[in-house]
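# When you get a sec, could you give me coordinates for this:
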Amino acid sequence: MHSNGNRRWMLALALGLSAQAVTLGQTPQQRAVLAVKNPTALSRPAEIIEIPLAEIAAKIGPEAPERLTAEDLGSHKPLPVQVDGASLLVLVSLAPRQTLRIEIRQSANPPAVSPLVFGRAVPERKDDFAWENDKVAHRVYGPALQATGEVTSGIDVWSKRVPDLVVNSWYLREAEGQRTHNPALSYHKDTGQGMDSYDVGKTRGCGGTALWKDGKLYVSRNYLTAEILAAGPIRLRFRLRYAPWDADGAEATEEKTVTLDAGAHFNRIESAVRLSNASTARWAAGLAIHAGARVTSAPDGGSISVWEPLSDPATGMDGTAIVLPPGKSGTKAEAEGNVLLTMPLTSGAPVVYYAGSAWSRAEVPDEAAWSRFIEQFRERLRHPLTTRWERIE
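Model prediction:
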């Protein structure tokens, strides 16, 4: 009887403690698992999936976005994440046809994520706006440079072959080289990381925009304002605004939103051009054509590309390309040192396109490899990663 009494007492104590735990909200943490599938036969080494925060809240309860984490259930390794607006971004890597299972949960101490993207205005270099990820780097030119008489709204290319973020260090190196009159410090010299050896001049560079009418380009001046909308660590998004310019008698303005993800060679760009009247001008995006360039265009009008020597031919070849979203097509044209894709313009309606680059000293050694790279990028756009929530037993 004594033993039975002890057992009844211990059972009552356990039930009481359990009830107390529920009362205090100390329930086991809810789990949410998302299956991410690669539907293609291509490797997807670095892509971002976007998960609505509302869906996560429905699975694990009210969430504190800054505490959300993602774990690869196969390797049990944390995945890089970023909250952007109403979505959780997760950087994933998938083999051909692979399905990856990710557990989303909250953590009191989320792991730190090393930045893989960066961008900023550079007032110390005449208002450049420069941006990069672990693969590519670009810049556009601002008001202070325009005030000197150098007017261009093309997109410049910096060739890099290391995953390091180099924008700050290259500008510092360039400034020191000018201060000490030491040309070896110039970012136009490759010291192992890469260099600036792309001549954008007054061209469209790598994906700059314009209006196209009767065989002539009408282009904006340098950007007027820049605003960072998402600062990383895995996605950079910023907005550029341009002052009004004349487009064959119509006043044009442009707002351009650029997104660059970790691991990507292509920027996603939204260009919204407004016109003051019902002009028949077409929207255009272009690539510079330098001496020795070879130009390729897709038969369906979905892309154009250039493979050409850099301004110092000893530093190799550079590839640039413009790709339109699946189902969209443009008309190829050439003018003023550019190859263009032109499309009908609806005033104020954004046009989405992708502009990117690669260097022969990095991942894309020759023109054939660049052509394959572009086609594989288009294939990934046609067949995005798919996601579905799984039940947890």
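# residues touching residue 73, list them.
Residues counted as contacts of residue 73 (C-beta atoms under 8 Å, 6 or more residues apart in numbering) are 33, 101-103. In this view, the C-beta of every residue, glycine as well, is placed from N, C-alpha and C.
# and which of those residues is nearest to residue 183?
residue 102 (49.2 Å; C-beta to C-beta).
# rewinding a little: name the nearest of the contacts of residue 73 relative to residue 217.
residue 102 (45.8 Å).
# buried residues in stretch 123-141?
Going by neighbour count (16 or more other C-beta atoms under 10 Å), the buried part of stretch 123-141 is 125-141.
# With stretch 216-232 instead?
By neighbour count on 16+ other C-beta under 10 Å, the buried set for stretch 216-232 is 217-220, 222-224, 226, 230-232.
# From one end of that stretch to the other, what's the distance?
Taking C-alpha to C-alpha, to the nearest Å, stretch 216-232 runs 38 Å from one end to the other.
# again with stretch 59-79
19 Å.
# Break down the stretch 201-350 of the chain into its strands, ranges please.
Secondary structure of the stretch 201-350 of the chain (DSSP state E, counting those that start in this stretch): strands at 206-213, 216-218, 223-231, 235-247, 250-261, 266-275, 282-288, 294-297, 303-309, 317-323, 331-335, 338-343.
# The fourth one relative to strand 266-275, how many degrees between them?
For strand 235-247 and strand 266-275, the angle between their directions (axes from the mean of the first three to the mean of the last three C-alpha atoms, to 10 degrees) works out to 30 degrees.
# partners of strand 235-247 in the sheet?
strand 223-231 (antiparallel), strand 250-261 (antiparallel) (DSSP bridges).
# ok so, going back, let's have the strands of the stretch 201-350 of the chain in CSV, adding distance to residue 187.
What follows is those, written out as CSV (distance: least, C-beta to C-beta, whole Å):
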stretch, distance to residue 187
strand 206-213, 17
strand 216-218, 29
strand 223-231, 20
strand 235-247, 20
strand 250-261, 19
strand 266-275, 20
strand 282-288, 19
strand 294-297, 27
strand 303-309, 19
strand 317-323, 15
strand 331-335, 30
strand 338-343, 25
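# closest to residue 175 out of these?
Going by C-beta to C-beta, the one of the strands of the stretch 201-350 of the chain nearest residue 175 is strand 223-231, 20.3 Å.
# pLDDT (mean, whole number) over the closest one?
With pLDDT averaged residue by residue, strand 223-231 scores 98.
# same question, stretch 140-153
If you average the pLDDT over stretch 140-153, you get 96.
# just stretch 276-290 next, same as before
pLDDT averaged over stretch 276-290 gives 93.
# cool, stretch 121-133 as well?
Mean predicted lDDT for stretch 121-133 stands at 97.
# Send over that stretch as PDB, restricted to the C-alpha atoms.
The C-alpha coordinates for stretch 121-133 follow below in PDB (Å, rounded to 0.1, in the frame of the first residue of the first chain):
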ATOM      1  CA  ALA A 121      26.800  55.700 -52.500                       C
ATOM      2  CA  VAL A 122      30.400  56.800 -52.800                       C
ATOM      3  CA  PRO A 123      30.500  60.500 -52.300                       C
ATOM      4  CA  GLU A 124      34.200  60.500 -51.900                       C
ATOM      5  CA  ARG A 125      34.400  59.300 -55.600                       C
ATOM      6  CA  LYS A 126      32.100  61.900 -57.200                       C
ATOM      7  CA  ASP A 127      28.800  60.200 -56.100                       C
ATOM      8  CA  ASP A 128      29.300  56.800 -57.600                       C
ATOM      9  CA  PHE A 129      26.800  54.200 -56.500                       C
ATOM     10  CA  ALA A 130      28.600  50.900 -56.400                       C
ATOM     11  CA  TRP A 131      27.300  47.400 -55.600                       C
ATOM     12  CA  GLU A 132      28.400  43.800 -55.600                       C
ATOM     13  CA  ASN A 133      28.000  40.300 -54.400                       C
END
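# and the next element down the chain from whichever strand or helix holds residue 69?
Using DSSP states H and E, residue 69 maps to strand 68-72. Toward the C-terminus, strand 68-72 is succeeded by strand 77-78 as the next helix or strand (DSSP H and E).
# helices or strands up against that next one?
Here strand 77-78 touches strand 68-72, going by 3 or more C-beta pairs under 8 Å, 6 or more residues apart in numbering; DSSP states H and E.
# Which elements pack onto the strand it packs on?
Checking 3+ C-beta pairs under 8 Å, 6+ apart, strand 68-72 ends up next to strand 77-78, strand 81-84, strand 87-94, strand 99-106.
# Repeat the analysis, applying 7 Å as the threshold.
Applying 3 or more C-beta pairs under 7 Å, 6 or more residues apart in numbering; DSSP states H and E, one finds that strand 68-72 contacts strand 77-78, strand 81-84, strand 99-106.
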